[in-house]
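> quick one, fold the following:
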Amino acid sequence: MKILLVLIFAPLITLALLYFLFPEQLVLSMRWLMRKRARVVRKTVTVDGRIWPYLEGGDPSKPTLVMIHGFGADKDHWTFYAPRLTKDYHLIAPDLPGFGENDRDGELPFDVTSQAARLKGFLEALGIERPHLGGNSMGGWIALRFAIDYPDRLRTLTLMNNAGIMGADESELQKLAAGRDYNPLVLASLEDADRLISFVVRKPTHVPARLKPVIYADALKHRDLLDKIFWVIADEMEQKPLNDELGRVTVPTLIIWGRHDKLIDVSCVAVLEAGIAGSTSHIFDHVAHVPMIEDPKATADVQREFLARH
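Sure, this is the predicted structure:
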C-alpha cells in the first residue's frame, strides 16, 4: 500500500514543486513531452549564414510536408498537430527569421516576398524538392506567395486562415488596426495575454498564473520587433493583396478556415475558391484562427484526405 501511495503521489508532488519553484523547467518539460508525443525532434541548418531551427519528424522516405507558422508563433505551434501527420509524412516545421529561435535581426526585410525567398533557401539547404507546403495565417500568406513565385517547387498547397487576401467583409483585426495606433496582436503586458488568446481562439484554455511569465516571456522580450513586423505586413496587406495573382497558383490547393476568425474574415474563402482553379475548401463552424491547435484531429483529417489524393 505504501509503495502504491508513493507511485500515485510522487509525480503530483514533483509537478507541484516544479510549478511553484521551477516554472521554467516545467514549461521546458511540457515542450519536450509535446515534441515526443508528436514524434518530432529539434534540428538546425545554416541558410545564407543564418541558423534556422526546425522540427522534423516522420520517415524521410515518405512524402515531405512543410508547415509554416503564423505571426507571433513558432515551430512548436505545430506539435499539437504533428502526431496525426508524422506516421505517414516526413514533417518539417521551421522557425522563420524574426520568430522563435531564428535570427531576430530587426534590419532584415520582413515583407512576405522576402520571407518566401528565404523559405526557398531553407528547403534547398535541406535538399527538399517539391514538398507539400502549408501554413497558417502569415505562414499561409508566405506559402501562397511561394506557390505563385516558385510554382514548380511544390506538390500541393494547404492554406489555413491565411493572410494576404482581401475578403468581402472586414475582420475585427482590420477595424482595430485601421488607425495604426493600436496593434491587437502584440502584448502590451503580461496581463494582456488573456485578451490576446481570446482574440485568436474561440474557446481559450486557462493558463496557470505561475506559467504565464515563462510562456509569454519571448513575446514581451521581442515586443518592439513583433510590432515592427506586424506593420510591415499590414501595409503590404493593404497595398499589395494577392487577390489578382491567385490565378497563378497551379498546384492542387486546400483551403481550411475557422468561421469565427476575428483576424482574417471567413469571406476570404470565397475569394480564394474563385481565384485558384480547382481548389477545395473546408470551413469549421466551431473554431477561429488556428484550427490546427483548436481542433487538431478534425483539421488533420481534412488535410490528410486532401494529401492522399495528391
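
> all contacts plus neighbour counts: C-alpha atoms, from now on.
Will do.

> which residues of the stretch 151-300 of the chain fall in strands?
Counting by DSSP state E, counting those that start in this stretch, one finds strands in the stretch 151-300 of the chain at the ranges 156-160, 253-258, 280-284.

> can you list the strands that the last one pairs with?
The pairing partners recorded for strand 280-284 under DSSP bridges are strand 253-258 (parallel).

> identify the residues contacting the partner strand?
156-161, 266, 269, 272, 276, 278-291, 299, 303, 306 (CA atoms under 8 Å, 6 or more residues apart in numbering).

> tell me what angle it forms with strand 156-160.
Strand 253-258 runs at 10 degrees relative to strand 156-160, counting by axes from the mean of the first three to the mean of the last three CA atoms, to 10 degrees.

> neighbour count says what about the contacts of strand 253-258? Which are buried?
The neighbour-count criterion (16 or more other CA atoms under 10 Å) marks 156-161, 266, 269, 272, 276, 279-283, 287-291, 299, 303, 306 among those as buried.

> quick revisit: could I get the strands of the stretch 151-300 of the chain as JSON lines with mean pLDDT?
Putting the strands of the stretch 151-300 of the chain into JSON lines (pLDDT from 0 to 100) gives the following:
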{"stretch": "strand 156-160", "mean pLDDT": "98"}
{"stretch": "strand 253-258", "mean pLDDT": "98"}
{"stretch": "strand 280-284", "mean pLDDT": "98"}
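
> ok, which of those comes nearest residue 179?
The closest of those to residue 179 is strand 253-258. By CA to CA, the value is 26.0 Å.

> against residue 169, how distant is the nearest residue to residue 279 once chain neighbours are set aside?
Among residues not flanking residue 279 along the chain, residue 253 sits closest, at 4.8 Å (CA to CA, 6 or more residues apart in numbering). Counting by CA to CA, to the nearest Å, the gap from residue 253 to residue 169 is 23 Å.

> which one of those two is surrounded by more residues?
The residue with more neighbours, out of residue 253 and residue 169, is residue 253; 27 against 12, by other CA atoms under 10 Å.

> for residue 147, see how far away the residue nearest the centre of the chain is.
Closest to where the C-alpha atoms of the chain average out (CA atoms, centre = their mean) is residue 69, at 2.4 Å. Between residue 69 and residue 147 the computed distance is 16 Å (CA to CA).

> likewise residue 33?
Distance of residue 33 to residue 147, computed by CA to CA: 34 Å.

> thanks a lot, see you next time.
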